[in-house]
Each structure stands twice: as structure tokens, then as C-alpha cells.
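Undergrad: For reference, the sequence and a predicted model appear below.
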Amino acid sequence: MSANMLGNGAHSIRSINVRANLLADWTSDQERFRAQANRYILIIAAIGLAAFAFVPLLEKKRAALVPRFNACQHDLGDLRIALDEADRMKKKVEPTLAAEEMNADTTHHFDRLMGEMYYVLNSANPGLVFSTTKAEVQAAAISIDCKADAENFEIAEAFAQKAGKLPNKVSTMASIRPGGLFSEGINFDYLKKVSLQ
């Protein structure tokens, strides 16, 4: 830098070549673009080669699976037909099965009722006479109600204990009164309830 008389530095004029800078930028952009284009071309080529190699293999496997698929479709159709037939048969048989189940339950409950009734009646010892016995089924329970006369309280109590030995909900003597068929005996009511469940 040169100075003038006053000590100020003289300005040197530099020229900036804008065209050269633009050309350099354009050239570097072109090189980047070519590199990216080459990379994408290589990727596309690799995908194409892979497809070219794998598509025949996949097609071969697909062709091998087609008969199995068709057989499965046929079997599925047969199974649907069999399922529809089974549903029709089930709908036909359901009322019969329900009636048979109800009949079995009724028979079981009747047998249980008769067994309980026989057990209570067979619990009577000599010196005890029944005037009435009533048995009924209500609300899933057997109810046996007896009116009886006994020669004395001990015979009536022995009957109640023996009749109540089997599992029950209620086994009780009630309304014990003097008199009845025996001159020095008693008249009483006996109630037994047994669950059907």
C-alpha cells in the first residue's frame, strides 16, 4: 500500500471476476448432482437385479401353493356345508334334548320325593298311627307334613329323631297335644323339608 502526502493510503482497485465464481459454483453443483444421480441409478439397478433374481423364485413358489390353496378352499366349503347341516340337526334335536332333560329331572325329583316319603313313613314304631300325610315339592324343596297319634311322647320323639336322620333343612315336631286315638297318648304334627339341590 502506498501513501500520499497527507499520509492517507492510496486505494488499490481490485477487480472481482463474478463469472469465474459463478462458473465454479455451477461446476461443483453439477458434480454433486452427478454423484447423487449415479447413486440413485445404482440403487435402482440393484433393485431391478434383485427383482429379476427373486421374481421367478417367488412365482415358482406361488405356482406350487396354488393347488394347496384351491384344495383348502374346497375343504373349507365342505366344512361350511357340514357345519350348516350340524346346526340344522342341532335345532331339530334341541327340543327333544330339552324334553329328555326335563323328564330326567322330574323322574329324579319324583324318586327323591318317594324315597323321602317312604323313609319318613318307615320311621314309625309300634304305638304310632298316622292320621294324614302330605308331601309336595315347592321352590326346589320337598316338604313332608304328617299328623300322627302316639301312645306316649317317647314314641313320638323316637319317630321324629329317626325320620330326621337323613340330611334335611327342617325336621321338627310341632303342635303336641294330649289325646287323640290313644286314651293316654298324644297328637302331634311333624314337618320335614329337604332341599332338592
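TA: Structure received.

Undergrad: What ranges does the chain have for its helices?
TA: Here the chain has its helices, by DSSP state H, at 18-122, 153-163.

Undergrad: Break this structure down into its domains, please.
TA: Each domain of the chain is listed here as a residue range: 20-111, 123-195, per automatic domain parsing.

Undergrad: Name the stretch among the ones you listed that sits most buried.
TA: With neighbours defined as mean count of other CB atoms under 10 Å, the domains of the chain peak in mean count at domain 123-195, which reaches a mean of 16. Backbone N, C-alpha and C define where each C-beta goes, glycine included.

Undergrad: Show the average pLDDT along that one.
TA: For domain 123-195, mean pLDDT rounds to 89.

Undergrad: follow-up on the earlier one: turn the domains of the chain into TSV, columns for distance to residue 117.
TA: Shown next, in TSV, are the domains of the chain (distance: least, CB to CB, whole Å):
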stretch	distance to residue 117
domain 20-111	10
domain 123-195	5
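
Undergrad: Help me confirm that residue 194 comes into contact with residue 116.
TA: Yes. Residue 194 is within contact range of residue 116, at 5.5 Å (criterion: CB atoms under 8 Å).

Undergrad: Now do the spatially closest residue to residue 193 that is not a sequence neighbour against residue 190, distance only.
TA: Distances taken as CB to CB, 6 or more residues apart in numbering put residue 170 closest to residue 193, at 4.1 Å, once the chain neighbours are dropped. Residue 170 is 10 Å from residue 190, where distance means CB to CB, to the nearest Å.

Undergrad: Same question for residue 137.
TA: Residue 137 is 18 Å from residue 190, by CB to CB.

Undergrad: And for residue 153?
TA: Counting by CB to CB - residue 153 and residue 190 are separated by 13 Å.

Undergrad: now residue 24
TA: 123 Å.

Undergrad: re earlier: which neighbours do residue 194 and residue 116 share?
TA: 142, 144, 166 (CB atoms under 8 Å, 6 or more residues apart in numbering).

Undergrad: dump the residue contacts of the first one.
TA: Residues counted as contacts of residue 142 (CB under 8 Å, 6+ apart) are 112, 113, 116, 135, 136, 193, 194, 196.

Undergrad: go on, the last one?
TA: Taking CB under 8 Å, 6+ apart, we find residue 166 in contact with 116, 119, 194.

Undergrad: next one: phi and psi at it?
TA: The phi/psi pair for residue 166 (degrees, to the nearest 10) reads phi -70, psi 150.

Undergrad: nearest to residue 45, of the contacts of residue 166?
TA: Set against residue 45, the nearest of those by CB to CB is residue 194 (90.8 Å).

Undergrad: that older thread, now the helices of the chain as TSV including distance to residue 184?
TA: Listed next are these as TSV, based on distance: least, CB to CB, whole Å:
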stretch	distance to residue 184
helix 18-122	24
helix 153-163	11
